[in-house]
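Asks: Next input, structure requested:
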Amino acid sequence: MNKVFPDAKSALEGVLKDGMMVMSGGFGLCGIAEVLSDALRESGVKNLTVVSNNAGVDGIGLSRLLETRQIKKMISSYVGENKLFAQQYLAGELELEFNPQGTLAERIRAGGAGIPAFYTKTGVGTLIAEGKEVREFNGEKYVMETGLVADLAIVHAWKGDTAGNLVYRKTARNFNPMMATAAKVTVAEVEHLVPAGEIDPDHIHTPGIFVQRIVAVDPKLKRIEQRTLRKRA
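Replies: You can find the predicted model right below:
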């Protein structure tokens, strides 16, 4: 089975449909699947529910899908760096399901592990718990959260081989490994694509069994979310 596709458009061909749920890896601008998210925009697919820690920053990453109103709902933990995200939510133009960051990560991990729901103390007694089952264990209250499974996950890896085994670099190893396990189809964009067998098995973060499609991308693109420089004398 050939998993390698010549470009992002062909890597998503036959997978996309209106109203689908998409998981998009990354944190801020670190480890985001920018090439694949741009291909989503170009496809015109709409009414998406997107699971992502945030939505990039204005003009970069998932924010470009907000510009075209292709996203109906975000399941996220952070809005702060994206003015368009906040504006659409406050104007009632975008549905938003807020999750504590650890809860979001665990919902994704649970979905990938086949766990339909779990209990956590995070959010008990707050708006987070409204409408959710609350149970008591050993005298403490816990709120039930459901696992998440998407139709598609788009992830970004530093290195990958033609069998789909992936390695993430430093902070880019954030939501990507969990999301790669929690979707019906996972498409990975890879900076350095190597032949199968070249990656040390002990260095692999995502086994190739979780990855259906791969596209090589330019490793030179490294965006910085916030740049702070000290004043020079």
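
Asks: The longest helix seen in the chain - contacts with which helices or strands?
Replies: Looking across the chain with DSSP state H, the single longest helix is helix 101-112. When contacts are defined as 3 or more CB pairs under 8 Å, 6 or more residues apart in numbering; DSSP states H and E, helix 101-112 packs onto strand 117-120, strand 140-146, helix 176-181. C-beta here means a position set from N, CA and C on the backbone, and glycine is covered the same way.

Asks: my read is Leu65 is in a strand, agree?
Replies: No. Leu65 is assigned helix when assessed by DSSP: H, G, I helix; E, B strand; the rest coil, not a strand.

Asks: about what we covered before: report the buried residues of the longest helix of the chain.
Replies: 103-112 (16 or more other CB atoms under 10 Å).

Asks: Quick one: residues in contact with it.
Replies: Residues from elsewhere that reach helix 101-112 (CB atoms under 8 Å, 6 or more residues apart in numbering): 23, 51, 53, 75-78, 99, 116-118, 120, 122-123, 128, 145-150, 175, 178-182, 210.

Asks: again, only this time at 7 Å
Replies: 23, 51, 53, 77, 99, 118, 120, 122-123, 145-149, 175, 178-179, 181-182 (CB atoms under 7 Å, 6 or more residues apart in numbering).

Asks: Quick one: mean pLDDT for that helix?
Replies: Helix 101-112 shows an average pLDDT of 97 in the prediction.

Asks: For the contacts of helix 101-112, I'd like a selection string for ChimeraX - just the buried members, please.
Replies: Applying 16+ other CB under 10 Å to the contacts of helix 101-112, the buried members can be selected in ChimeraX as follows:
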select :23,51,53,77,99,118,120,122,123,145,147,148,149,175,178,179,181,182
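
Asks: how far is stretch 189-197 from where the chain is centred?
Replies: 20 Å (CA atoms, centre = their mean, to the nearest Å).

Asks: Show me where this protein has its helices.
Replies: 8-12, 34-43, 63-67, 83-90, 101-112, 176-181.

Asks: Same list, those helices, but as CSV with distance to Arg232 please.
Replies: As requested, these are exported to CSV (distance: least, CB to CB, whole Å):
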stretch, distance to Arg232
helix 8-12, 41
helix 34-43, 32
helix 63-67, 32
helix 83-90, 30
helix 101-112, 36
helix 176-181, 37
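
Asks: looking at those, which one has the lowest mean pLDDT?
Replies: helix 83-90 (a mean of 92).

Asks: Next, the residues that contact that one from outside, please.
Replies: 55, 58, 63, 66-67, 79, 94, 96.

Asks: Name only those of those that count as buried.
Replies: 55, 58, 63, 66, 79, 94.

Asks: can you redo the buried residues of helix 101-112 as JSON lines with distance to Gly197?
Replies: Shown next, in JSON lines, are the buried residues of helix 101-112 (distance: CB to CB, whole Å):
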{"residue": "Thr103", "distance to Gly197": "38"}
{"residue": "Leu104", "distance to Gly197": "35"}
{"residue": "Ala105", "distance to Gly197": "31"}
{"residue": "Glu106", "distance to Gly197": "33"}
{"residue": "Arg107", "distance to Gly197": "34"}
{"residue": "Ile108", "distance to Gly197": "29"}
{"residue": "Arg109", "distance to Gly197": "28"}
{"residue": "Ala110", "distance to Gly197": "32"}
{"residue": "Gly111", "distance to Gly197": "30"}
{"residue": "Gly112", "distance to Gly197": "25"}
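
Asks: ranges for the strands of this structure?
Replies: Along the chain, counting by DSSP state E, strands occupy 4-5, 21-24, 48-51, 71-76, 95-98, 117-120, 134-137, 140-146, 150-161, 166-167, 183-194, 213-216.

Asks: mind saving the C-alpha coords of the third one as CSV?
Replies: Meaning strand 48-51. Presented in CSV, the C-alpha positions along strand 48-51 are these (Å, rounded to 0.1, in the frame of the first residue of the first chain):
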residue,chain,number,x,y,z
LEU,A,48,-16.7,21.6,9.8
THR,A,49,-16.3,20.7,13.4
VAL,A,50,-12.7,21.2,14.2
VAL,A,51,-10.9,19.8,17.3
